[in-house]
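1. Structure, please.
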Amino acid sequence: MPQILVFATNNAHKALEVEQILGPDFQIKTLRDIGCTEDIEETEDTLEGNAILKARYVKHNYGYDCFSEDTGLEVTALGGAPGVHTARYAGESRDPQANIHKLLENLKDKADRSAQFRTVIAMVRGEETVLFEGICKGHIAEAPSGTEGFGYDPVFVPEGYDVTFAQLGVEVKNVISHRARAMGKLVGKMGEIHDFGRNI
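-> Presented below is the predicted three-dimensional model:
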């Protein structure tokens, strides 16, 4: 029987990616799966704050131990932007094409295109909250390439590669990505906590 984990998200792309990273030993339940249909607003000004906010909201209102994450693209030449505003960089519509267009426009006269993706996961178990961080360094391509993945994947080239996440495909991305690295730390912690995720 796979171990069931509540992931405080309704982002289908993220939920699928996490399931693929974790493999068949784990089954992800999203917010919708536990009956949470409200939009949990990310009102904090850090990735850590938003991850904690969402996980604690689920624990407080639905009673489940769970984990949540927030991910930011941090571009050196833009002072770490879009950062915590990554998903809404071009506006509240969260349009990935508009976000990419704005990013490339803001970088068109910049020589330094170095960047990193950073994921922060907050795990809430009872009264305990634990944070895990995963970072993937790389740079922003001159133009989008590839069809795999989501978000900024068509323009992010991870360190050690000469193609974007969207060209590498999910199998490679799910080994080297920021989210995979953070999830690896979470799973390591879960190995020490035998009852985490079994309260469903």
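2. where do the strands sit along the protein?
-> Along the chain, counting by DSSP state E, strands occupy 3-6, 26-29, 66-75, 82-83, 114-125, 128-140, 156-158.
3. Tell me which of these is the most buried.
-> Mean neighbour count (mean count of other C-beta atoms under 10 Å) peaks for strand 66-75 among the strands of the chain, with a mean of 25. C-beta: built from backbone N, CA, C; applies to glycine.
4. Between strand 128-140 and that one, find me the angle.
-> If you take axes from the mean of the first three to the mean of the last three C-alpha atoms, to 10 degrees, strand 66-75 sits at 30 degrees to strand 128-140.
5. any idea how far residue 139 is from residue 102?
-> According to C-beta to C-beta, to the nearest Å, residue 139 and residue 102 sit 17 Å apart.
6. can you pull the contacts of the residue nearest to residue 48 when sequence neighbours are not counted?
-> Spatially, and ignoring its direct neighbours in sequence, residue 48 is nearest to residue 120 (5.0 Å; C-beta to C-beta, 6 or more residues apart in numbering). Residues near residue 120 by C-beta atoms under 8 Å, 6 or more residues apart in numbering: 47, 48, 51, 69, 70, 71, 131, 132, 133, 182.
7. Next: residue 118.
-> Here residue 118 is in contact with 47, 71, 72, 74, 133, 134, 135, 178 (C-beta under 8 Å, 6+ apart).
8. and with 7 Å instead?
-> By C-beta atoms under 7 Å, 6 or more residues apart in numbering, residue 118 lies in contact with 47, 71, 72, 74, 133, 135, 178.
9. What of residue 13?
-> Counted by C-beta under 7 Å, 6+ apart, residue 13 has contacts residue 150.
10. now swap in residue 40 and tell me
-> 54, 57.
11. State the phi and psi torsions of it.
-> Phi and psi for residue 40, reported as degrees, to the nearest 10, are phi -80, psi 110.
12. what's the distance between it and residue 182?
-> 19 Å.
13. now residue 150
-> Residue 150 is 17 Å from residue 182, by C-beta to C-beta.
14. which one of these two has more residues nearby?
-> residue 182 (26 against 16; other C-beta atoms under 10 Å).
15. so how far is residue 100 from that one?
-> 23 Å.
16. Also residue 159?
-> Using C-beta to C-beta, we find residue 159 at a distance of 20 Å from residue 100.
17. Compare those two (neighbour count), which wins?
-> Set side by side, residue 159 and residue 100 show more neighbours around residue 100, with 22 against 11, by other C-beta under 10 Å.
18. In contact with that one, which residues?
-> The contact partners of residue 100, taken as C-beta under 7 Å, 6+ apart, are 144, 152, 154, 155.
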